[in-house]
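Asks: Just the structure for this:
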Amino acid sequence: MIVIHPFKAWRPKPELVEQIACVPYDVIDTDEARALAEGRPDSFLHVIRPEIDLPEGTDLYSNAVYHTGASNLKMMQDNGILIQDEQPGLYLYQQQMGTHTQTGLYACVSVRDYDENRILKHELTRPDKEDDRTRHILTQRAHAEPVMLTYKSTGAITGLTNRTLSAADPVYSFTAADGVIHRVWKVEDPGAFVDAFREVEKLYVADGHHRCKSASRVAEKLREGDYGDEEFEFFPTVIIPMDEMRILAYNRIVKVVPEGFPEKLMKTFELREDVHPVPEGPGKVSLYMAGRWYGIDLPESTSDDVVEQLDVSRLHRHLLLPLLGIENQRTDPNIGFVGGIRGTEELERLVDSGKAQLAVSMYPTSIGELMSVSDNDQLMPPKSTWFEPKLRSGLVVHTF
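Replies: Below is the predicted model of the structure:
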């Protein structure tokens with residue numbers, strides 16, 4: 001049984017929503033955030049990337065960064081840029097990217113459901129990133145950005161969703177700079193969704209593992225004191241049915257290849273020349289080097305282990321480790337990662353510019369593979385999935 005928790009959301013004034021809503025903190029760096037926020041004093045980037053309001057070179061983990069984020073959020077609340085709902089509620093959040101549309105429930109979920117593995121994970125979290133998000137949450141007394149979850153939908157939830165979408169106009173509807181259309185509806189009967197999700201056995205983390213873990217750490221810390229309101233026991237999510245989720249490839253670049261690599265490659269794999277940059281199916285990989293695309297087939301896994309069967313695992317076992325000497329993709333500085341949304345043109349640019357010597361174009365991990373790994377209480381290799389479109393930040397904020 002999954003606990004869905006309506007909450008008193010802080011939301012943008014309708015006329016300011018396009019100025020406030022922004023990309024999530026972890027898809028851009030400080031310089032990109034500063035450029036996006038230029039001329040946009042109401043952008044939520046001032047809350048989730050507060051270093052942009054401090055001198056260049058400021059330590060990202062200094063007290064000043066966390067306190068600036070908290071101050072910016074309070075300013076938006078005090079000045080009426082964000083307004084709070086009078087009663088706890090839920091929302092539906094729909095995104096349309098080209099021909100793809102996905103609609104999820106904007107709700108809080110229980111930290112205990114996460115701690116007790118009713119919300120399943122598939123990625124290893126890094127302590128430094130956990131520390132950073134935990135400090136942001138504690139200093140702001142807010143979960144400023146949602147986590148993306150997925151699940152096997154039920155007929156009851158689908159029916160409630162369709163009725164909500166057809167019953168009224170959205171409270172927000174705008175097209176972001178990247179062309180993605182964002183729409184938000186207020187749910188008139190939150191209790192019906194709460195009851196329907198009691199029939200859902202488990203949820204799966206799609207994007208936002210560090211935010212989940214940080215919410216858990218915040219709750220653990222605040223339970224130690226006499227905090228009073230236990231709203232910290234919940235954190236905000238957008239819960240999207242698995243059949244609406246869209247996973248893109250998470251591609252790789254290798255900055256320097258060892259001497260003799262092309263010869264070793266040809267001895268290990270049957271190399272196809274001038275293939276399409278995007279692999280046509282699972283088990284196939286496209287490689288870009290010296291201005292040309294080549295194709296290889298990854299050897300089938302002989303293991304029953306679901307992680308070992310993943311393309312990203314087979315790539316590491318048969319190419320990255322033996323031919324390139326990359327033992328740990330999390331820590332090796334010779335490997336980089338490029339989200340599929342950037343396209344294979346970005347891979348070509350990085351190699352042609354000399355920033356890398358090899359680019360690897362992958363076939364996307366499937367949602368079924370993600371769920372199988374999570375169900376087995378296992379973890380995927382780093383950078384296995386890239387979900388698109390990304391959730392916008394600043395649309396619905398949870399405070400405690």
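Asks: Need the nearest residue in space to the residue nearest the centre of the chain, chain neighbours excluded.
Replies: Residue closest to the mean C-alpha point of the chain, counted by Cα atoms, centre = their mean, is Asp207 at 3.2 Å. Residue nearest to Asp207 in three dimensions, not counting chain neighbours: Met148, with 4.0 Å by Cβ to Cβ, 6 or more residues apart in numbering. Every C-beta, even on glycine, is put in place using the N, C-alpha and C of the backbone.
Asks: secondary structure element for the one you found?
Replies: Using DSSP states H and E, Met148 sits in strand 147-151.
Asks: Kindly export that strand (C-alpha atoms) in CSV.
Replies: The C-alpha trace of strand 147-151 is given here as CSV (Å, rounded to 0.1, in the frame of the first residue of the first chain):
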residue,chain,number,x,y,z
VAL,A,147,11.3,13.4,-7.5
MET,A,148,10.2,11.5,-10.6
LEU,A,149,8.6,8.2,-9.7
THR,A,150,6.9,5.5,-11.9
TYR,A,151,4.5,2.7,-11.3
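Asks: Not counting its own residues, what contacts it?
Replies: 2, 104, 109, 119, 200, 202-208, 211-212, 235-242, 245, 367, 371, 387, 391 (Cβ atoms under 8 Å, 6 or more residues apart in numbering).
Asks: same question for that strand, mean pLDDT?
Replies: Across strand 147-151, the average pLDDT comes to 98.
Asks: in the next helix or strand after it, what counts as buried?
Replies: Next along the chain after strand 147-151, taking DSSP H and E as the criterion, comes helix 155-167. Across helix 155-167, burial judged by 16 or more other Cβ atoms under 10 Å covers 157, 160-161, 164.
Asks: Next, the buried residues of whichever strand in the chain runs longest.
Replies: Determined from DSSP state E, the single longest strand within the chain is strand 100-110. Neighbour-count burial for strand 100-110 flags 102-110 (criterion: 16+ other Cβ under 10 Å).
Asks: Identify the residues contacting Asp78.
Replies: Asp78 neighbours (Cβ under 8 Å, 6+ apart): none.
Asks: And it, how far from Pro41?
Replies: As judged by Cβ to Cβ, to the nearest Å, Asp78 and Pro41 stand 14 Å apart.
Asks: that older thread, listing partners with orientation, what would you give for the strand holding Met148?
Replies: When sheet partners are counted by DSSP bridges, strand 147-151 sits next to strand 203-207 (antiparallel), strand 234-241 (parallel).
Asks: ok, back up a step: of the contacts of strand 147-151, just the buried ones, PyMOL syntax please.
Replies: With 16+ other Cβ under 10 Å as the criterion, this PyMOL line picks the buried residues out of the contacts of strand 147-151:
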select buried, resi 2+104+109+119+200+202+203+204+205+206+207+208+211+212+235+236+237+238+239+240+241+245+367+371+387+391
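Asks: how does the chain divide into domains?
Replies: What automatic domain parsing lists as the domains of the chain is 4-246+391-399, 250-363.
Asks: hang on, the earlier thing: what would the strands paired with strand 147-151 look like in JSON lines with mean pLDDT and distance to Lys264?
Replies: Formatted as JSON lines, the entries for the strands paired with strand 147-151 read as follows, by pLDDT from 0 to 100; distance: least, Cβ to Cβ, whole Å:
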{"stretch": "strand 203-207", "mean pLDDT": "97", "distance to Lys264": "36"}
{"stretch": "strand 234-241", "mean pLDDT": "98", "distance to Lys264": "42"}
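Asks: out of those strands, nearest to Asp169?
Replies: strand 234-241 (20.0 Å; Cβ to Cβ).
Asks: Tell me which residues are up against the helix or strand following that closest one.
Replies: Using DSSP H and E, the next helix or strand after strand 234-241 towards the C-terminus is strand 247-248. The contact list for strand 247-248 (Cβ under 8 Å, 6+ apart) reads 339-341, 364-367, 370, 385-388.
Asks: swap in stretch 197-205?
Replies: Residues from elsewhere that reach stretch 197-205 (Cβ under 8 Å, 6+ apart): 1-4, 105, 109, 113, 117-123, 147-152, 154, 156-157, 212, 237, 239, 242, 370-371, 374.
Asks: Contact partners for Asp274?
Replies: With Cβ under 8 Å, 6+ apart, Asp274 has these contacts: 292-294.
Asks: can you tell me how far it sits from Asp31?
Replies: In terms of Cβ to Cβ, Asp274 sits 37 Å off from Asp31.
Asks: Please apply the same query to Ser110.
Replies: To Asp31, Ser110 is 37 Å away according to Cβ to Cβ.
Asks: same deal with Gly295?
Replies: Separation of Gly295 from Asp31 (Cβ to Cβ) stands at 36 Å.
Asks: now Asp115
Replies: Counting by Cβ to Cβ - Asp115 and Asp31 are separated by 36 Å.
Asks: Out of the two, name the residue with the larger neighbour count.
Replies: A direct count of neighbours by other Cβ atoms under 10 Å for Asp115 and Asp31 places Asp115 higher, at 15 against 10.
Asks: so what's the closest residue to Lys121 other than its chain neighbours bridging to?
Replies: Leaving aside its chain neighbours, Lys121 sits nearest to Val205 (4.9 Å; criterion: Cβ to Cβ, 6+ apart). Beta-bridge partners for Val205, by DSSP bridges, are Leu149.
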